[in-house]
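# Structure, please.
(chains A and B)
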Amino acid sequence: MAKAKASQAAVESETGHPGAIDGIPQPKLDWRGRSNQWGTRVKPGKHGLRLGDINVGIYGEIPEQWQDQTRNPRGAIPRKGVPPIGYSIRDKADLWAESAADLYEEAIQRRWAPATDIPWETVKPLSEGLERAVCQVCTELCQYANCDIETISSWQHQMAYGYHEVKQYLATASFDGARQFEAFRKRALVGGGGLGLEGPGEVNRMILESRGGWTEAVAYIFLLRGTFTMTMLRYLEKHANNEAEALLYRYALQDKARHLTYGVEHLQFAIAHQEDMALIMQQLLFIGDRIFARELKDHVLAEALAVVFAGGIAEAGSTGMTEYRRMMADFMSTYIGTCEWLGVKRNREMMPSLMSQYLIEERA
Amino acid sequence: MARAIPRLDWLQDARAEVNGDPGYRKLGSTDVVLGLSFGDESRLVTFEAFEVAEISEGVDLRDADLVLTMSPKDWNAYLRKRARGTGPSLLTLDLEQGVIGAASPLARIKLDRYNLSIQAFIDAGARLAA
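Numbers count the residues shown, from 1 in each chain, chains lettered A, B, ... in the order given. Below is the predicted model of the structure:
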C-alpha cells in the first residue's frame, strides 16, 4: 500500500496532474475552444426539436456550392489532410428542396410497422381470380419499391454533406421503399395466394440507369413513376377488400406523397436556379414517356388492376377496365398538371398515344 | 323544403377528443390547414404538430392548403355514413366526387400525406355528430 502510494505520488509529480495513472498519457485537450460558433441554443417547440430547428447561425447557412469533399459536418472545423471522398453532387440546385428537413422529421413521425400496424387478420379468402389479381399488383409494387431503394441509395452517397437535410430525407425515402417491399410482399403471401409474374421492368431500368444527374433521376422516379404509383394506390384504397388492404394503401400513400413533395419541390428549385432546366426536363420526359408507354403495352398489370377494381374476373372487362381508364385519366391529369405547374411545357401531339389517349379536356 | 344546415357543431369537441387521444398522436405530426366549405358555412381547421391547433370561423378559405367543398345535405349524409362505418374514406370521396380543391399540386398532395390524421379527426366528429 505504501509502495503504491509512493509510486502514485511519483507519477503525479512527474506529470503535474493529480490522479494521473502510470502508463496512460495525459489528454492534451488542445481541441477545446475550437468551434466556428459556440453558445448555440435552440428550444424545442410543439413538434419537439426538429432537424430544421437547429439551422441557426452558421449551422443554418446553406451555400449554393459545397466544396468540402470530406464527411465534415456542415459548420464543423475541417481537418487538414483528410483524403477527399469524391462527392459528385456539390451544387445546391442539383438536389435541394426547401422542405427536406421537415420531410425527414415527418417520415420519422409518420412511420408505420407492417408487422403490427396492419390488421392482417382481416384478410379473408377472396375468389381465386381476385386474389391472384391482388397478388399480381403487389408483386409489381414490390418491384417498384426495390427500384426506389436502389436508385435512391445509388445517388445518395454521391451527395455532399453540406446538404445533409436532403441526404437524411432520402435515407427515409429509401427505408420507405424497404417497408413497402415488405408490406406488399406480405399481402401477396398472407391470404392463401403467392407472388405473381415479374413485371417487364423497363421503367425500372430507365430509372436505375439514368446517368444525367440526380435531377433527371428525380423526374423519372418521383414525377413520372411516383405520380403513377400514387394514383394507383388511391384507386387500390378505394377498392380495398378488407381493412388490412385499406390501411396498407393509406400508409403507403403517405410515404409516396412525401416522395412526390420532395421530388416536385426539388424540380421547382432546379428549374428556378438553372436557366434551361425546364427545357431539359421537357426533353427528359419526352424520352421517359416513351419507355413508360412501352411498358403500358404489357397487359398484365392493367388486367390485374381491372380485376381488382371489378371485384373479380366476371366484370373485369367492363366495369374493371372502365375504372382502370379512369385511373389512367387521373394519372395523366395529375402528371401533366404538375409538369405545367412547374413550367415544363408538354406537347400533347408529341406524347405517345398510349398516354395521350387518357388526356381529357374536362373530367366527366 | 327547408334548407339543409351543415353539421359543424362537433368541431370543437372533436378537436378536444383527438388532442387527448394517444392514438391520434401516434399517427405522427400533421401540418396542414383544411378548409371546410358547405354552402354558406365555412371553417378553417388548422392541424399543427400533434394536435388540431385551431378552428376558425368567418375565414378566408384562400388561407387553406386544402378545401373540402360539399353541399350541406351531402356533408351531413357523409358524417352519418362514417358514423355507421359505411361511408367511403375522404380519399375515395375525392376520387369519386372531386370534393377536395387545392391551389397547387404540392398543396393537393397534403391530403395523401396526412390522410390518416385528417380522417381520424373527421371520424371523431362523425361519432360525436351521430
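
# Just the CA trace of whichever helix in chain B runs longest, in CSV.
If you go by DSSP state H, chain B has its longest helix at helix B:115-129. Output of helix B:115-129 as CSV, limited to C-alpha atoms (Å, rounded to 0.1, in the frame of the first residue of the first chain):
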residue,chain,number,x,y,z
ASN,B,115,-54.8,11.2,-44.9
LEU,B,116,-54.9,9.1,-41.7
SER,B,117,-54.9,12.1,-39.3
ILE,B,118,-57.4,14.1,-41.3
GLN,B,119,-59.7,11.1,-41.5
ALA,B,120,-59.3,10.5,-37.7
PHE,B,121,-60.5,14.0,-37.0
ILE,B,122,-63.4,13.8,-39.3
ASP,B,123,-64.4,10.4,-37.9
ALA,B,124,-64.2,11.7,-34.4
GLY,B,125,-66.6,14.4,-35.5
ALA,B,126,-68.9,11.9,-37.2
ARG,B,127,-69.2,9.9,-34.0
LEU,B,128,-70.0,13.0,-32.0
ALA,B,129,-72.5,14.2,-34.5
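
# Could you pull up the mean pLDDT of it?
For helix B:115-129, mean pLDDT rounds to 95.

# What is it packed up against?
The criterion is 3 or more CB pairs under 8 Å, 6 or more residues apart in numbering or on different chains; DSSP states H and E, and the helices and strands that helix B:115-129 contacts are helix A:243-273, helix B:11-19, helix B:22-26, strand B:41-48, helix B:72-84, helix B:90-97. Bear in mind the C-beta positions are built from the backbone N, C-alpha and C, glycine included.

# That one: which residues count as buried?
Buried residues in helix B:115-129, defined by neighbour count with 16 or more other CB atoms under 10 Å in any protein chain shown: B:115-126, B:128-129.

# That helix: how far from the chain's middle?
Offset of helix B:115-129 from its chain centre (CA atoms, centre = their mean, to the nearest Å): 7 Å.

# contact partners of that helix?
Contacts to helix B:115-129, defined as CB atoms under 8 Å, 6 or more residues apart in numbering or on different chains, come from residues A:110, A:250-251, A:253-254, B:7, B:9-11, B:13-15, B:17-18, B:21, B:23-24, B:27-28, B:30, B:32, B:34, B:45, B:47, B:52, B:78-80, B:82-83, B:87, B:89-91, B:111.

# Can you tell me which of the residues you listed are buried?
A:110, A:250-251, A:253-254, B:7, B:10-11, B:14-15, B:17-18, B:24, B:27-28, B:30, B:32, B:34, B:45, B:47, B:52, B:78-79, B:82-83, B:87, B:89-91, B:111.

# Regarding stretch A:119-127, how distant is the last residue from the first?
Stretch A:119-127 has an end-to-end distance of 20 Å (CA to CA, to the nearest Å).

# Give me whichever of the helices and strands packed on helix B:115-129 is most buried.
Greatest average neighbour count among these goes to helix A:243-273 (a mean of 23), per mean count of other CB atoms under 10 Å in any protein chain shown.

# circling back: okay, the helices and strands packed on helix B:115-129 in TSV with mean pLDDT and distance to A:Thr215 next?
Compiled in TSV, these are given as follows (pLDDT from 0 to 100; distance: least, CB to CB, whole Å):
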stretch	mean pLDDT	distance to A:Thr215
helix A:243-273	98	5
helix B:11-19	95	39
helix B:22-26	96	36
strand B:41-48	95	32
helix B:72-84	94	42
helix B:90-97	96	30
